[in-house]
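> Let's see this in three dimensions:
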Amino acid sequence: MAALATLTQLSSGNPVYENFYRQVDPGNTGRVGPTEAALFLKKSGLPDITLGKIWDLADPDGKGFLDKQGFYVALRLVACAQSGHDISISGLHLPVPSPKFKDHSSPSLSSVTSTNESHWAVRPEEKSKFDGIFESLAPVNGLLSGEKVRPVLINSKLPVDVLGKVWDLSDIDKDGHLDKDEFAVAMHLVYRALEKEPVPSVLPSSLIPPSKRKKSSGSLSSMVPVLPGSPPPPKDSLRSTPSHGSMNSLNSAGSLSPKHTIKSSQHSVNWVVPVIDRGRYDDIFLKTDTDLDGFVSGQEVKEIFMQSSLPQNLLAYIWALADTRQMGKLTREQFSLAMHLIQLKVSKGMDPPQALTPDMIPPSERGTPGPDSSSSVGSGEFTGIKELDEISQEISQLQREKYTLEQDIRETEEAIRHKTTEVQEMQNDLDRETSTLQELEAQKQDAQDRLEEMDQQKAKLEDMLNDVRQKCQEESQMISSLQSQIYSQESDLQSQEEELGRAKADLNHLQQEEAQLEQSLQAGRIQLETIIKSLKATQDEINQARSKLSQIQDSQHEISKSIEQYSSTLNGTHGGSMTNLADMSEGFPEKENGGFGAMVRHFRTVER
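Below you'll find the model as predicted:
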């Protein structure tokens, strides 16, 4: 969107763009409908597919119409396409010349329109008949060579030079063979010639087969007209050399007249334009010749010539040299000659000659060969038909006379050309100055209008600037208050961080003490378990001692009772019989009072 927004700045000051916009929107409504835009953009001569893509880019929101900015986008994209650049938003800022549009009333535009809209001149019933003849000739891979087509053409009894022209016109892709559609074109031309209709010098667009028409538009739309200093690679499909080779195969069978024999060998004669460059120049010519009339005008080749950066008066002089027939247009060979002279000046600094030398004259305009080749003409191949041979001889003689007259006319015209060149240059300079003055006037008016608009915009911008300054002051005050709050919060935060640091230190100290207490507690638990075990052992010993003490106490109690009994017994009897004492001792167990029992037994022993 940024690229579209800046396009108005790129194009609004251009009077050419403004003029185009006024043509489609004279009421300055700011809205160009699809019908008006389509009719105007078709004048560019671009294919409908390309124009459809341009419309999509110019109307990205799908509004169905173009505002002024969208129309400028469309114009800039048309200029990019005509200059050979890709059609994209990124190409809007490329330095390209203004777009070129043709008037509806011009023959070139009408011919282009008819090319796209008219039907094929070969009727379906004719096509069916021609297809049958084509299949009867046993085509190889869908193609017929010149050797197979020759008998069919000869049987028409037409002049051989006419048949040669028919072959050149029908071999549209210049591959030396005819496919089914090309053969239909050849037969159509033959039948029209038999009805006394002249064979055209250039194949009309209505006779171009639809398949070839699409292929031609697709290939030509991708070409870019460039100077020979940086030419595109040659395209064999567009070069005319193969057609001559194929016609030579016809000549070898003795089917062509001497006139055509000379014509078909023109590319082999000595011509100043190198063979390697002719294909490139033919490519540029085919791309430039949009109306397919076999000629290019000065307006059509102006951009190509201007790319050489040569002075305009020199380019005008080269044009005058190449336009040998003073028609105001150039044929394919004349265009090649002009491009060659421009190339010599650009690359080698060689100035164009004062007059064309014999080797500079286009081969097709030499009429008949020079004196050196006259013998070859006389001994040229004949058809074997007396009438045709006599006609061929008459044509050769007329061509020789024509050549002599053309040489005289050319010398006379050369003197006139030198005198008219200066006048033409001065007239061109005057026209350029007048055009420049008009453009400057238009630019001055546009600049004045823009200046007034800029003054109004300046006042609006100053008001906006004052508002912005006031808002900036308010924002500055708010920022100051916020900064003070931030400073206070930072100080509070710093103090809190210090307290937090101290708390963390105390926590670490407590954690260390807790760890020491845990260790002490663990050691105390171990000691307590040891003491508990010792206490249990002592308690067991005490319980055992208590048990023994209880037994001892019981024994002591029994002994005390026994002693008391003994005492009472002893005291009561006072030395009486010891029998009762012995009986009393029987009641005591041996274990508990063993000593006492022994003593009693001892007493018994003594008594006895």
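> Secondary structure of residue 144: a strand, I assume?
Yes - using DSSP: H, G, I helix; E, B strand; the rest coil, the assignment for residue 144 is a strand.
> thinking it is in contact with residue 177, fair?
Yes - under the criterion of Cβ atoms under 8 Å, residue 144 makes contact with residue 177 at 6.2 Å. Every residue, glycine included, has its C-beta placed from N, CA and C.
> So, low pLDDT: which residues of the stretch 151-300 of the chain?
Applying pLDDT under 70 to the stretch 151-300 of the chain flags residues 213-269.
> Show the end-to-end separation of stretch 149-161, please.
15 Å (Cα to Cα, to the nearest Å).
> Can you give me the neighbour number for residue 57?
Residues within reach of residue 57, counting by other Cβ atoms under 10 Å, total 18.
> For the protein, which segments count as strands?
Ranges of strands within the chain are 144-145, 177-178, 296-297, 329-330, based on DSSP state E.
> Now do the shared contacts for residue 144 and residue 177.
Applying Cβ atoms under 8 Å, 6 or more residues apart in numbering, one finds that no residue jointly contacts residue 144 and residue 177.
> Backbone torsions only: list them for residue 273.
Residue 273 adopts backbone torsions of phi -80, psi 120, taken as degrees, to the nearest 10.
> Tell me, what's the model's pLDDT at the nearest residue to it once chain neighbours are set aside?
The shortest distance from residue 273 to any non-neighbouring residue, by Cβ to Cβ, 6 or more residues apart in numbering, is to residue 340 (4.6 Å). We have a pLDDT of 93 for residue 340.
> list the contacts for residue 340?
228, 272-274, 277, 281.
> What lies in contact with stretch 349-358?
Contact partners of stretch 349-358, identified using Cβ under 8 Å, 6+ apart, comprise 272, 314, 317-318, 321, 324, 341, 344-345, 360, 370, 410, 414, 418.
> So which bits of it are buried?
Residues 352, 356 are the ones in stretch 349-358 that count as buried (16 or more other Cβ atoms under 10 Å).
> Residue 141: neighbour count?
Residue 141 has 6 neighbouring residues, counting by other Cβ under 10 Å.
> How about residue 19?
Neighbourhood size, residue 19 [other Cβ under 10 Å]: 11.
> Repeat that for residue 16.
15.
> how close does the nearest residue to it once chain neighbours are set aside sit to residue 534?
Leaving aside its sequence neighbours, residue 16 sits nearest to residue 98 (Cβ to Cβ, 6+ apart; 4.4 Å). Relative to residue 534, residue 98 is positioned 117 Å away (Cβ to Cβ, to the nearest Å).
> Comparing these two, which residue is more hemmed in?
residue 98 (18 against 10).
> I figured the more buried one hits residue 79, correct?
Yes - counting by Cβ under 8 Å, residue 98 touches residue 79, with 6.3 Å between them.
> Make TSV from the strands of the chain and add mean neighbour count and distance to residue 565 to it.
Output for the strands of the chain, formatted as TSV (neighbours: other Cβ atoms under 10 Å; distance: least, Cβ to Cβ, whole Å):
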stretch	mean neighbour count	distance to residue 565
strand 144-145	18	167
strand 177-178	24	164
strand 296-297	20	170
strand 329-330	22	174
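> Between the ones you listed, which one is closest to residue 23.
Among these, strand 296-297 comes nearest to residue 23, with 22.0 Å by Cβ to Cβ.
> Can you name the residues in contact with the closest one?
Contacts of strand 296-297 (Cβ under 8 Å, 6+ apart): 285, 288-289, 328-330, 335.
> Swap in 10 Å and give it another go.
When contacts are defined by Cβ atoms under 10 Å, 6 or more residues apart in numbering, strand 296-297 is touched by residues 106, 108, 284-291, 304, 327-332, 334-335, 338.
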